[in-house]
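Colleague: Below: sequence and its predicted model.
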Amino acid sequence: MSGVQSNRALELLIIEDNAGDVRLLEEAFQELNANIHIQVAKDGAEALEKVFEAVHPKGYSNPDLILLDLNLPKISGHDVLARIKNHPQTRRIPVIVLTSSRAESDIRRAYESHANAYLRKPSTLDGLMSAARDIKSFWMETVTLPG
């Protein structure tokens, strides 16, 4: 883990309103024996609260990586991404958009808002396991994350 101290877990924030998808992601990372501490936000407002609470510490640390669904209640994933990437203390946090949207406009808008990657949410358990494996391999073992 180049960018994360090897003696601590990677802090992952999953921003997802579908409890089933959250559970499957948690199980996938657990099955991969990934050293990850997962926090979950079930809507855009809760996501921003968790991210920006870290800017003004109250016991929550900045996530090392964020998985973001676009279709969220209260505040859209696009708006969450824009706010994270427009704030000087959070813009370096890598954000992977993990969504079911295949719309070209969503893809373009996500990258224009500085998403670090756009992944289409797999529709099968095997596909989700493969995505979790790829995320673990690339983001925990290959890249250097900001400290």
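Modeller: Cool, the structure landed. Numbers count the residues shown, from 1 in each chain.
Colleague: what about the helices in the chain?
Modeller: 19-31, 44-55, 77-86, 104-112, 125-135 (DSSP state H).
Colleague: Flag every buried residue along the second one.
Modeller: Spelled out, it's helix 44-55. For helix 44-55, burial by neighbour count (16 or more other CB atoms under 10 Å) applies to 44, 46, 47, 48, 50, 51, 52, 54. For glycine as for every other residue, the C-beta is placed from the backbone atoms N, C-alpha and C.
Colleague: Please apply the same query to the last one.
Modeller: For helix 125-135, the buried set under the neighbour-count rule, 16+ other CB under 10 Å, comprises 128, 129, 131, 132, 135.
Colleague: ok, the last one to residue 9 distance?
Modeller: So that's residue 135. According to CB to CB, to the nearest Å, residue 135 and residue 9 sit 14 Å apart.
Colleague: Worst mean pLDDT among the helices of the chain?
Modeller: With a mean of 87, helix 44-55 has the lowest mean pLDDT of the helices of the chain.
Colleague: And for that helix, what's in contact with it?
Modeller: Applying CB atoms under 8 Å, 6 or more residues apart in numbering, the external contacts of helix 44-55 come out as 13, 15, 39, 41, 60-63, 66, 68, 72-77, 79-80, 83-84, 87, 89-90, 93.
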